[in-house]
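Participant: Fold the following.
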Amino acid sequence: MKKRFLRNVCLLLAAALLVSCFAACGKSGDASKTENPDIFRTPKPSPKELGGIVTLSTYRTAANDTSAFMFIQEYVMQYPGVEIMNDNELSYDEYFATLDKRVEDGTIGDVFLVDSDRLADYVEKGYVMDLSPYLTGLVEYTSGNFRKLYPDSDLFDAAYKDALYENRLYMIPTEYENKAVLINLDAFNKAGLTVPSDKWTWNDVLECAKAIKEAGIENPVAMDYTDFSVWGAFALGGGGDLFKTIDPKTGETVLNLTDPKVSSGLKMLSEEFIAGGYVAEKTPAEMTSEDLKNSGIVIISHAELQNWLDVLKDETFSWEFAHFPRFDADEDEKNSYYFNIGVKTLGLAVRVREYDPEEYSESDILMEDEIRVQLALYALVPEAAAALAGTTGYRVPALISANSRRFWREYPVAGKNTSVFSLYSKFDYPATLPAHMIIDAALELGDSVGEAILGHSKDVDNTSLDDLLQKIQDNVNANWK
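Facilitator: Reported below is the predicted structural model:
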C-alpha cells in the first residue's frame, strides 16, 4: 500500500479529473455519492518526482529500536528517488542533552526531532523552517483514492497548537506528552485510602496527601509546580481566562493572572499543597526508583516512566495510573467542573540550510527544500506515524488515528491504565508558554510564577500572592507587544 503527498499541481489535476468524472456520471444518470467528502475517486495521477539525499535525526528507545528505519521505509515507498540517512544512535537523554549544540553548529539532520519547549527559541534564531506554506492541499493516496490531510484536526488539538509560534506551524507533532497521575497503592493502603475515582478533584488529592503524610510516607505528592503543565492546571482550575483577548478584531491578548478565578487555583497550590508540606522537594524528573517507592501521588508525563522501569516492573511494588484531577466549579454551577491537562509535544522540524548560489540553482534549492519538508509532513500519514511511534510503547502518537491503535498502551507494564495519557484530549491545553505568547513574554512568565508560588508558601502570613502575581502580570504584558 502506498501513500502519496500531492502538491497544488496534483490537486488541480485531481480536481479536473473529478469534475470530468462527475460530468460523465451525470450524463449516464449513474451519479454516486461518497460518505466521505474528502475521498476523491480518480484515476491514478503521476506522482511528483523527488530525488536527493536527506538526513533524519531522532532518538533511539532501545538497541533494537527500528522505528526511524520503518518510518523511512514508508517515505521512500512514496519517493524512491530519495536516499535518507538515519541518525538515531543516541538515547532520549543523550539526544536532547546535545540537541542545542548540534542545531547551533549545523551537525543535526536536515529533518530532526525537537521538543515544544525549544521550538520558539529555534524559530527566533532562524534554525527551523516555517512549514505553513506547505500545508495547503495535502492529500494521502491509498488504493486509487485521495484523502485530504488536515493537520489542525488530524492531530490532537493541544499538540497542533503546541507546534505553532505566532500562528505559524514549525514542526509536525509526533509524540504526545500530557500529564497524568501515578499512585503508589502500597502508600494508599498504608494510609487506609482506596483507589480514587475517575472524577476525583484536587481537593480529594489534598485530603489523600494529608492521610499519606500522617501514615509516615516521605513524599505525599511529587510534582513540578514550576512547570506550566502543572501550575497551569491550577491557574485554569477556577474557570478564568489566563490569557484574555482584549481586542477580538486585532487578536490582542494579555496575561490575566490577577483574575480571581485564576489566582484562586494558584493560592491553593501555594497555601495548601506547598505550605502544608505535602509536595516533595524533588521533581518527578529528579526522582530515583527509591524516591518513587517513598511517594504517594506523582504527577508525571509518559516519558518519565523510563526513569523507573526497574521498580515499575518489580511485582513487589504495587502501583497504578489514575486519571488527572479536576476542579469543582462554583457552587451555583451544579454538576459542573473544570478539567485542564497540560500537554507538551515532540515533533519533526526542518533545519534551515544555507545554499551556495554557485553550487545550487534556484530549482535545485526548491527541490532540496521539498524533499526535507515532505519527509516531515509524512508524519501526518497514519501508517507512517504508527511506524515512527515504534513497537516498544515508549512513544504516544500525536496523530489521532495512530494514537487510537492500542499498540502503545501496554508500556511499561501490561494491564495498567495507560489510556490516561490521551483519554481526555478535548480537555488538554498546550503547556508550552510560547504557544500562547511571544518568547520574551513567555520567558518572563515561566521564570516568575514558580518563584512567586514558592515565595508565598514560605511566608503566607506576610506576603500577598495577589501582589506578586500583579507584578508578574505587569512585567509580562509590558514585554508582550
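Participant: So which residues of the stretch 301-450 of the chain form helices?
Facilitator: 309-312, 362-377, 382-389, 400-403, 439-458 (DSSP state H, counting those that start in this stretch).
Participant: mind putting those in JSON lines, mean pLDDT included?
Facilitator: Listed next are those as JSON lines, based on pLDDT from 0 to 100:
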{"stretch": "helix 309-312", "mean pLDDT": "96"}
{"stretch": "helix 362-377", "mean pLDDT": "86"}
{"stretch": "helix 382-389", "mean pLDDT": "94"}
{"stretch": "helix 400-403", "mean pLDDT": "95"}
{"stretch": "helix 439-458", "mean pLDDT": "94"}
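Participant: wait, which of those is closest to residue 466?
Facilitator: Judged by Cβ to Cβ, the one of these that comes nearest to residue 466 is helix 439-458, at 9.5 Å. For every residue, glycine as well, the C-beta is placed using N, CA and C.
Participant: any idea which of the helices of the stretch 301-450 of the chain is most buried?
Facilitator: Comparing the helices of the stretch 301-450 of the chain by mean neighbour count (mean count of other Cβ atoms under 10 Å), helix 382-389 comes out on top with a mean of 24.
Participant: Enumerate every residue touching the residue lying closest to residue 388 once chain neighbours are set aside.
Facilitator: Residue nearest to residue 388 in three dimensions, not counting chain neighbours: residue 71, with 4.1 Å by Cβ to Cβ, 6 or more residues apart in numbering. Applying Cβ atoms under 8 Å, 6 or more residues apart in numbering, we find residue 71 in contact with 56, 378, 379, 384, 387, 388.
Participant: can you tell me the helix or strand for residue 232?
Facilitator: Taking DSSP states H and E as the criterion, residue 232 maps to helix 228-235.
Participant: Average pLDDT for that helix, rounded please.
Facilitator: Mean pLDDT, helix 228-235: 96.
Participant: quick one on the thing from earlier: could you pull out the buried residues of the helix or strand hosting the residue nearest to residue 388?
Facilitator: Using DSSP H and E, residue 71 falls within helix 67-78. Using 16 or more other Cβ atoms under 10 Å as the test for burial, helix 67-78 gives 67, 68, 70, 71, 72, 74, 75, 78.
Participant: What values do phi and psi take at the nearest residue to the second one once chain neighbours are set aside?
Facilitator: This points to residue 68. Once flanking residues are discounted, residue 68 sits nearest to residue 88: 4.4 Å by Cβ to Cβ, 6+ apart. Main-chain dihedrals, residue 88, degrees, to the nearest 10: phi -150, psi 50.
Participant: residue contacts, residue 88?
Facilitator: 56, 57, 58, 59, 60, 65, 68.
Participant: run the last query once more with 10 Å
Facilitator: Residues in contact with residue 88 (Cβ atoms under 10 Å, 6 or more residues apart in numbering) are 56-61, 65-69, 71-72, 95, 109, 113.
Participant: With residue 188 instead?
Facilitator: Neighbours of residue 188 in contact, by Cβ under 10 Å, 6+ apart: 194-196, 208, 211-212, 215, 217, 296-297, 318-320, 322.
Participant: Name the member of those that has the highest neighbour count.
Facilitator: Greatest neighbour count in the contacts of residue 188, by other Cβ atoms under 10 Å, goes to residue 296: 29 neighbours.
Participant: Would you confirm that it belongs to a strand?
Facilitator: Yes - checked against DSSP: H, G, I helix; E, B strand; the rest coil, residue 296 lies within a strand.
Participant: so it makes contact with residue 215?
Facilitator: Yes - using Cβ atoms under 10 Å, residue 296 makes contact with residue 215 at a distance of 8.4 Å.
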